[in-house]
Structure formats: C-alpha cells, structure tokens
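**Student:** The following block contains a protein sequence and its predicted model.
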Amino acid sequence: MGDDGRVLAVGKISKKEGTVGWIGLLNDHPFEDLRRSPDNNLDSIAPLEIANGSYNLLEKDVRRGMGLQGASLASGATFELRFTLSEKVDVAVTSLTSRGDLDLLLVDMDERIIRFSSNLGDAAEYLRAQLPSGSYKLKLVAVSQVNDFELRVHDGKQFENVVAKLLKLDPIERQILNRRLEEAGYTGAGNPSIALGGDTYRSVVAFYNAFHRPGSIQLDDFIERAAAVASDH
C-alpha cells in the first residue's frame, strides 16, 4: 500500500524452503483521450443576451435536448436560463469551457436550490434532476473569467448505464478511476477500494463530457480506459 492508501502491488509471497512466490506491481495504464473544445456548431447565445443576464428556453427544447455556446463570461458574472415545464421531466445538464471555472446552479423561482455542480478549475460540470411542473432557473456562475463555453440539456436517463458500469469495476480499477477524477478537479469517493458513490457517478459523466461529445463514443468504453490497469509481473 502507498502512503495515500492506494494498492501498489498484489500477489502471494511464500517463504517455504526459502522460495518466493509472485508479486505484481500495478500502475495506471496511459490515458490518452484529449480534452476537447466547446462545440462551436451549437446555437450561439448573443452577446446582448449575455449582457442582459438571462435567456429563455422553450419547454420542447428542454424535453428533447438542446445545446448552446457562448463567447465569454466575466469573473463573478451569473447568466440565467429560464424555463417552464407543464409536467414532470427528468433533466440533465452538462457544461464545458475552453478556459475558466463555470459552475451550474438549478433553482426554482423562489431561489431554492435544487441541484448544483461545482467542480474545481476548468473541470466540466454535470447535474441531473427530476423536475415537476413549474418554472425554473439554471444559473451559470463564472467563478473565474470564462473564455468560450458550451451548455447542453439532455434527457436525464441518457447516462443511467454509468452506475451499472461502475459497479463492475474491481477495487484497483475503482482506485485508479477515482484518482484520475480527483487530479482533474472532480469529486471522488472517500474509500474507492470499497465502493464508488453518487458523487463519482456525477463526476464520471462530467469527466466524459470534457473529452467527448455525448454519444460520440460509448461511455462504457471511456470508463474502461479511464480505469485501466497496466500490470508488470
């Protein structure tokens, strides 16, 4: 075990008749996915709308999914996307910046917090909520100067298979994935060798979004690469 609790080697050592069995040293497999830029093919939020501080989303767009891009947000600025639902909807939201810390905050019209995502630095963001009928505000909060950003609204069920995939990882794979997440500014699990919780689920989806547009590659395949072990015996 390392000083940080990580498993560094596994195997069996026997001293019978002075012989030694085997031990395998475990290292992360090189992770070669490249961080992407915000998608410039999405509809643009006009600078005037950003200056006004708000943008109205249509219910049909929230239901079927949509994406927007914006040029920049000054440090400390908040931009609101407002929408109204006539019935219950399972909504997920992701965001990505080219540079800068942009957090997400979902509130009702009385400013009561429903969900938020606040990963560190320029890490991508993800939140999900099952919203009953009513009116809502999705706030984009620029913790630092943001240069170009992407925002997408998804069907919340799109990423449900993540949990099943995480449950299939062995203890060493969980530790490797958890360390990658934490090093990149995402929330990890307190004891990944035992289990990965809901925070890890949200972090994995956000982490995936930082490298690939949703649907461009299978999320299961991405998790396998991010948790891969290189073993030398």
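**Tutor:** Here it is on my side, so go on. Numbering: from 1, shown residues only.

**Student:** residues of stretch 82-99 that come out buried?
**Tutor:** In terms of neighbour count (16 or more other CB atoms under 10 Å), stretch 82-99 has its buried residues at 83, 85, 89, 91, 92, 93, 94, 95, 96, 97, 98. For every residue, glycine as well, the C-beta is placed using N, CA and C.

**Student:** In strands, which of those residues fall?
**Tutor:** 83, 85, 89, 91, 92, 93, 94, 95, 96, 97, 98 (DSSP state E).

**Student:** Could you dump the residues you listed into CSV and include distance to residue 208?
**Tutor:** CSV is the format used below for these (distance: CB to CB, whole Å):
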residue, distance to residue 208
83, 25
85, 26
89, 22
91, 18
92, 12
93, 14
94, 9
95, 13
96, 11
97, 16
98, 18
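
**Student:** ok, back up a step: identify the farthest-apart pair in the buried residues of stretch 82-99.
**Tutor:** Spatial extent of the buried residues of stretch 82-99 (CB to CB) is set by the pair 85 and 98 at 30.9 Å.

**Student:** quick one: secondary structure of the spatially most central residue of the chain?
**Tutor:** The residue lying closest to the centre of the chain (CA atoms, centre = their mean) is residue 206, at 1.3 Å. Classification of residue 206 using DSSP: H, G, I helix; E, B strand; the rest coil returns helix.

**Student:** Dump the buried residues of stretch 82-99 into TSV; add distance to residue 176 and pLDDT as well.
**Tutor:** Output for those, formatted as TSV (distance: CB to CB, whole Å; pLDDT from 0 to 100):
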residue	distance to residue 176	pLDDT
83	39	98
85	40	98
89	35	97
91	31	97
92	26	97
93	28	98
94	23	98
95	26	98
96	23	98
97	26	97
98	27	96
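
**Student:** which among those residues gets closest to residue 120?
**Tutor:** Using CB to CB, these come closest to residue 120 at residue 97, 12.5 Å.

**Student:** Distance-wise, check the closest one relative to residue 217.
**Tutor:** Residue 97 is 21 Å from residue 217, where distance means CB to CB, to the nearest Å.

**Student:** For the protein, which segments count as strands?
**Tutor:** With DSSP E as the criterion, the chain has strands spanning 9-12, 22-28, 43-44, 54-56, 66-73, 78-85, 89-99, 102-108, 113-117, 125-131, 134-142, 146-155, 229-232.

**Student:** out of the ones you listed, which comes closest to residue 173?
**Tutor:** strand 229-232 (6.4 Å).

**Student:** got any ranges where this protein has weak pLDDT?
**Tutor:** Within the chain, the set of residues satisfying pLDDT under 70 comprises 1-29, 230-233.

**Student:** Let's see that with 90 instead.
**Tutor:** 1-33, 46-48, 50-52, 71-72, 158-161, 163, 197-198, 213-220, 229-233 (pLDDT under 90).

**Student:** okay, now the domains of it?
**Tutor:** 9-30+160-232, 43-156 (automatic domain parsing).

**Student:** Put together JSON lines for these, with distance to residue 37 on each row.
**Tutor:** Converted to JSON lines, those look like this (distance: least, CB to CB, whole Å):
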{"stretch": "domain 9-30+160-232", "distance to residue 37": "10"}
{"stretch": "domain 43-156", "distance to residue 37": "5"}
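
**Student:** nearest to residue 36, of these?
**Tutor:** Comparing the domains of the chain under CB to CB, the one sitting nearest is domain 9-30+160-232, at 6.0 Å.

**Student:** Is residue 83 bridged to anything, and to what?
**Tutor:** residue 136 (DSSP bridges).
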